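*Asks:* For reference, the sequence and a predicted model appear below.
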Amino acid sequence: MDIAVTDERGDEIDYGTAAVESFGKAFLLPIDCLVGWLAFEKEGLRLFNKLSSTVVVEVDETDHPGDVAYVYPGEE
């Protein structure tokens, strides 16, 4: 999908921030999305992204490590 989660400045996040950001996704997804859509409509954030001060951004495919082989559906 070529996406990544960063802090609001674009820097990498730590494990604690990732845990807060992922908690809503893992356990409270309907509430997380609904509150996000209603309260943060213009920002396009989920509730737990706002609470953890994170954003989801697109990354270039060239940002992937060179020594990893990616397997895509339909390729053999």
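*Replies:* That came through, no problem.
*Asks:* Now do Ala69, the pLDDT please.
*Replies:* As predicted, Ala69 sits at a pLDDT of 72.
*Asks:* if I look at it, how far off is Cys33?
*Replies:* For Ala69, the distance to Cys33 (Cβ to Cβ, to the nearest Å) stands at 34 Å. All C-beta spots, glycine's among them, are computed from the backbone N, C-alpha and C.
*Asks:* And those two? Which one has more around it.
*Replies:* Cys33 (15 against 4; other Cβ atoms under 10 Å).
*Asks:* Output the contacting helices and strands for the helix or strand containing Val57.
*Replies:* In this structure, Val57 sits in strand 54-58 according to DSSP states H and E. Counting contacts by 3 or more Cβ pairs under 8 Å, 6 or more residues apart in numbering; DSSP states H and E, strand 54-58 packs against strand 3-7.
*Asks:* helices or strands up against the strand it packs on?
*Replies:* Against strand 3-7 (3+ Cβ pairs under 8 Å, 6+ apart) you get helix 15-27, strand 54-58.
*Asks:* Touching it from outside, list them.
*Replies:* Glu12, Ile13, Thr17, Ala18, Glu21, Ser53, Thr54, Val55, Val56, Val57, Glu58, Val59 (Cβ atoms under 8 Å, 6 or more residues apart in numbering).
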